[in-house]
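Novice: return a 3D structure for these sequence lines:
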Amino acid sequence: MGTVVSLTLPAALGADKLAAATAVVEQLFAGLDETFSLYRPDSEASRLARAEIALPEASEDMRRLYADAVGWRLLTEGAFTPERPDGVLDLSGIVKGYAIQEAGTSLLALGLRDWCLNAGGDVLVSGSPVLVSGSPVPGSPESAGREPWRAGIVDPEDRRTLIAGYPLGGRSGAKLALATSGSAERGDHIWAAGAGSGARPGSAAPVFRQVSVAAADIVTADVLATAIVAGGLPMLDRATDGWDIEVLAVRAGGELLATPGFRR
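Specialist: Residues are numbered from 1 along each chain as shown. Below you'll find the model as predicted:
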């Protein structure tokens with residue numbers, strides 16, 4: 001997927017569990033990359049883009065993820081969309097969050113309760129960075145009051161500087177995911193909502209340079225961060241009204257808009 005993936009685990013884990021955790025994450029991301037990457041000419045996504053196969057003939061994973069993306073398009077009133085303005089199916093706006101989510105499910109299935117998974121700055125956590133004997137299951141009464149993971153958000157004008165931090169996990173009911181979208185890392189690559197077939201990323205002046213969303217799950221965080229960048233202020237209002245999220249948005253001029261959770 002053209003991104004760096006890192007997994008942080010308690011050092012006290014044995015070598016076998018560390019190796020198993022690393023392997024399951026690597027295999028999952030590699031498998032999804034083979035299917036969904038438009039940078040790989042042999043991928044299923046590239047074959048769809050070249051019209052060598054039609055969507056009804058695609059794999060179950062492709063059709064299922066496309067259906068999820070269409071659902072998000074309806075929920076965001078078009079701010080998030082699985083098609084580029086030129087008509088090419090592009091699921092990159094949802095597949096990374098899906099990959100992180102599936103990797104997290106696999107780590108829990110291995111019996112790992114305390115970890116932080118970071119894929120290109122989008123973060124999903126479980127438990128706490130402080131390992132205690134018999135770590136409780138996330139969400140259980142015993143998990144309340146543990147030390148949270150602390151995710152930093154970089155300044156889009158200076159990648160060496162943090163503009164904010166947000167606690168993830170560590171207690172029952174805490175947000176577990178944080179996703180950031182914008183032009184600071186990869187340039188203008190997000191299609192503005194309502195862009196026509198001749199539009200290009202960056203052809204309209206964006207309202208936001210960068211948007212970070214904290215949510216209970218990584219797919220919601222990732223999709224809404226992208227949707228807010230694409231949809232501007234109307235989508236920011238829609239997202240904060242319709243979902244249990246926290247948002248930190250950096251406007252094009254550098255001003256910050258923050259919900260109460262980020263202000264705290």
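
Novice: switch to C-alpha atoms for all contacts and neighbour counts from now on
Specialist: Fine.

Novice: which ones are touching E83?
Specialist: Under the criterion of Cα atoms under 8 Å, 6 or more residues apart in numbering, the neighbours of E83 are 89-91.

Novice: let's have the residues you listed in a markdown table, adding distance to T22.
Specialist: Below are the contacts of E83 laid out as a markdown table (distance: Cα to Cα, whole Å):
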| residue | distance to T22 |
| --- | --- |
| L89 | 31 |
| D90 | 28 |
| L91 | 25 |
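
Novice: what's the end-to-end length of stretch 109-119?
Specialist: 20 Å (Cα to Cα, to the nearest Å).

Novice: return the set of buried residues in that stretch.
Specialist: Within stretch 109-119, the residues that count as buried by 16 or more other Cα atoms under 10 Å are 112-119.

Novice: kindly report the same for stretch 95-106.
Specialist: Result for stretch 95-106 [16+ other Cα under 10 Å]: buried residues 95-104, 106.

Novice: swap in stretch 8-24?
Specialist: 9-10, 18, 21, 24.

Novice: pull the CA atoms of that stretch into PDB?
Specialist: Only the C-alpha atoms of stretch 8-24 are listed here, as PDB (Å, rounded to 0.1, in the frame of the first residue of the first chain):
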ATOM      1  CA  THR A   8       4.400  -1.900  19.200                       C
ATOM      2  CA  LEU A   9       4.100  -4.700  21.700                       C
ATOM      3  CA  PRO A  10       5.200  -5.200  25.300                       C
ATOM      4  CA  ALA A  11       8.800  -6.300  25.400                       C
ATOM      5  CA  ALA A  12       8.000  -9.000  28.000                       C
ATOM      6  CA  LEU A  13       6.300 -11.100  25.300                       C
ATOM      7  CA  GLY A  14       8.100 -14.200  24.200                       C
ATOM      8  CA  ALA A  15       9.900 -14.400  20.900                       C
ATOM      9  CA  ASP A  16       7.400 -16.900  19.500                       C
ATOM     10  CA  LYS A  17       4.500 -14.500  20.100                       C
ATOM     11  CA  LEU A  18       6.400 -11.600  18.700                       C
ATOM     12  CA  ALA A  19       7.200 -13.500  15.500                       C
ATOM     13  CA  ALA A  20       3.600 -14.700  15.200                       C
ATOM     14  CA  ALA A  21       2.200 -11.200  15.600                       C
ATOM     15  CA  THR A  22       4.600  -9.700  13.100                       C
ATOM     16  CA  ALA A  23       3.900 -12.500  10.600                       C
ATOM     17  CA  VAL A  24       0.100 -12.100  10.700                       C
END
